[in-house]
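Colleague: Got a sequence here, can you build the structure:
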Amino acid sequence: MQTFMERFAAIYTPAVLGAAILIATTPPLLGYGTFSTWVYRALVMLVIACPCAIVLAAPIATVSALTSATREGILFKGAQYLEAMGKVRAIAFDKTGTLTHGRLRVTRIMALPDAGATEEEILRLACAVEAGSAHPIAEAIRREATRRKVATSTCGTTTRTFSVIEGRGARAEIDGKMVYVGNADLFGGIDYLKTRRLIDASISSDGPLIFVGVKDFVFGAIWLADQARINAPETISALRKLGIQRLVMLTGDCEAAARNISAAVGINETAHGLLPEDKLEQIRSIIASHGAVAMVGDGVNDAPALAAATVGISMAAAGSPAAMETADVALLTEDLRKIPYAVAMGRRMILVIRQNVFISIAVKVGFLGLAAAGFSTLWMAVIADMGTSLFVVFNGMRLLASPKNSQALS
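Modeller: As a prediction, the model looks like this:
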């Protein structure tokens with residue numbers, strides 16, 4: 001909007017100057033009055049038509065809105081993203097670390113009967129593999145290993161061979177063999193009949209189910225649980241009241257975990273088992289159907305989707321560097337209620353800019369008509385110009401106020 005106003009002023013200003021010169025010279029040259037009369041009228045028209053208020057219409061409002069948002073812990077990387085935030089019609093959320101606290105806990109460990117491993121051995125292998133990872137799942141496994149005092153000294157010895165398999169899990173060399181820790185897709189040669197009860201048991205789980213094994217054989221599985229953020233349901237409710245047409249949760253976790261968390265926060269649409277490229281395609285699909293879309297995430301797997309969204313929002317307090325670098329907006333706290341606040345502030349900023357432009361043009365057109373009829377004086381022109389500029393400034397500064405909730409902005 002500010003770019004449009006600058007383009008408008010670039011054409012408007014020379015056009016007004018040219019019109020003033022014509023008004024000052026053409027009528028007296030044609031014998032209609034004296035030069036002094038028409039020069040005075042040209043000066044009156046020039047003062048009235050001064051584009052100060054029009055040019056200030058956007059910058060005052062955007063600076064005020066950005067300042068207010070920053071005070072609320074919402075950091076926009078540019079005013080264009082705040083404007084885009086006011087136009088979003090759909091919002092997609094990551095699950096772990098975004099709608100949930102991301103502080104997973106191990107709830108159950110099971111070893112396959114023919115695997116020749118105990119629960120402690122499963123946990124030890126998983127801890128050793130995940131020693132090189134900062135993922136919430138890795139942190140949960142290490143905490144459980146510490147709690148159970150299961151050979152935690154070995155959990156930092158294999159970082160040189162550690163590697164991440166994006167969207168599936170991780171692997172590292174343990175005791176001379178490559179051990180994998182991740183979801184079922186990580187194990188291409190998995191024997192479903194042997195592990196069926198592990199997979200089926202995940203239906204009752206509210207978190208990820210992680211398998212531990214070598215490439216073609218599973219030793220056992222670890223169940224984890226996460227908890228929805230307390231303010232997540234309130235956030236979803238507020239976004240619906242703001243008229244957001246579509247709210248969807250995108251997660252790489254299993255269907256059961258996705259279903260439980262979506263029900264807890266009040267989201268009706270979920271997509272589970274997604275890899276980073278799958279999240280990217282989901283965002284592109286939503287953009288095609290709804291136009292402006294915001295994506296909220298915190299992890300490396302969310303980075304492609306954050307980049308593709310109209311507005312990418314990162315949970316900076318707990319987010320990965322990749323997500324923070326890619327996102328257009330950073331929430332400096334973990335309070336999801338800042339999202340409806342940002343939507344409402346974006347809409348309010350757009351409304352204020354439109355008010356400023358409309359009032360500025362209306363006042364100038366009105367006084368230009370009076371000037372053309374010879375009823376405007378130079379003092380009236382000065383008052384009209386300064387009055388319009390002051391209106392634009394004070395109307396834009398209203399956005400500095402910090403209402404108690406997002407509904408107060410709408």
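Colleague: In contact with residue 138, which residues?
Modeller: Shown in contact with residue 138 (Cβ atoms under 8 Å, 6 or more residues apart in numbering): 130, 131, 170. Any C-beta I mention is one placed from the backbone N, CA and C, and that applies to glycine too.
Colleague: residues near the closest residue in space to residue 227 that isn't next to it in sequence, how many?
Modeller: Distances taken as Cβ to Cβ, 6 or more residues apart in numbering place residue 101 nearest to residue 227, at 5.6 Å, with adjacent residues excluded. Number of residues near residue 101 (other Cβ atoms under 10 Å) recorded here: 17.
Colleague: got it, and the one 10 residues further on?
Modeller: Residues lying near residue 111 (other Cβ under 10 Å) number 20.
Colleague: Could you point out which residue ranges in this structure have low pLDDT?
Modeller: The model of the chain has pLDDT under 70 over residues 1-2, 151-160, 188-207, 317-320, 372, 402-410.
Colleague: hmm, back to that, and the residue nearest to residue 227, what is it in contact with?
Modeller: By Cβ under 8 Å, 6+ apart, the contact list for residue 101 reads 226, 227, 228, 229.
Colleague: hang on, isn't the second one packed against residue 102?
Modeller: Think residue 227. No. Residue 227 is not in contact with residue 102 according to Cβ atoms under 8 Å; the separation is 9.6 Å.
Colleague: So the two - more neighbours on which side?
Modeller: Neighbour count, other Cβ under 10 Å: between residue 227 and residue 102, residue 102 has more, with 24 against 16.
Colleague: which ones are touching residue 358?
Modeller: By Cβ under 8 Å, 6+ apart, the contact list for residue 358 is empty.
Colleague: that's a helix at it, yeah?
Modeller: Yes. Judged by DSSP: H, G, I helix; E, B strand; the rest coil, residue 358 forms part of a helix.
Colleague: counting residues per strand, which one in the chain is longest?
Modeller: Determined from DSSP state E, the single longest strand within the chain is strand 217-225.
Colleague: just checking, what packs against it?
Modeller: Under the contact definition 3 or more Cβ pairs under 8 Å, 6 or more residues apart in numbering; DSSP states H and E, strand 217-225 sits against strand 105-111, helix 119-129, helix 136-148, helix 192-201, strand 209-214.
Colleague: and stretch 258-271, which residues are buried?
Modeller: Neighbour counts over stretch 258-271 (16 or more other Cβ atoms under 10 Å) mark 258, 259, 260, 261, 262, 264, 265, 266, 267, 270, 271 as buried.
Colleague: what about the spatially closest residue to residue 73 that is not a sequence neighbour, neighbour count?
Modeller: Distances taken as Cβ to Cβ, 6+ apart place residue 332 nearest to residue 73, at 4.1 Å, with adjacent residues excluded. Applying other Cβ under 10 Å, we find 14 residues neighbouring residue 332.
Colleague: go on, residue 219?
Modeller: 22.
Colleague: how close does it get to residue 353?
Modeller: Using Cβ to Cβ, to the nearest Å, residue 219 is found at 61 Å from residue 353.
Colleague: Pull out the buried positions in stretch 370-387.
Modeller: So for stretch 370-387, counting by 16+ other Cβ under 10 Å, buried means 370, 371, 376, 380, 381, 384, 385.
Colleague: export those residues to TSV and tack on distance to residue 137 and secondary structure?
Modeller: Putting the buried residues of stretch 370-387 into TSV (distance: Cβ to Cβ, whole Å; DSSP: H, G, I helix; E, B strand; the rest coil) gives the following:
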residue	distance to residue 137	secondary structure
370	72	helix
371	72	helix
376	72	coil
380	71	helix
381	69	helix
384	65	helix
385	63	helix
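Colleague: Include distance to residue 65 when you put those residues into CSV, please.
Modeller: Formatted as CSV, the buried residues of stretch 370-387 follow (distance: Cβ to Cβ, whole Å):
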residue, distance to residue 65
370, 34
371, 34
376, 35
380, 33
381, 31
384, 27
385, 25
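Colleague: Residue 14: which of those residues is nearest?
Modeller: residue 385 (18.1 Å; Cβ to Cβ).
Colleague: how close does the closest one sit to residue 187?
Modeller: 73 Å.
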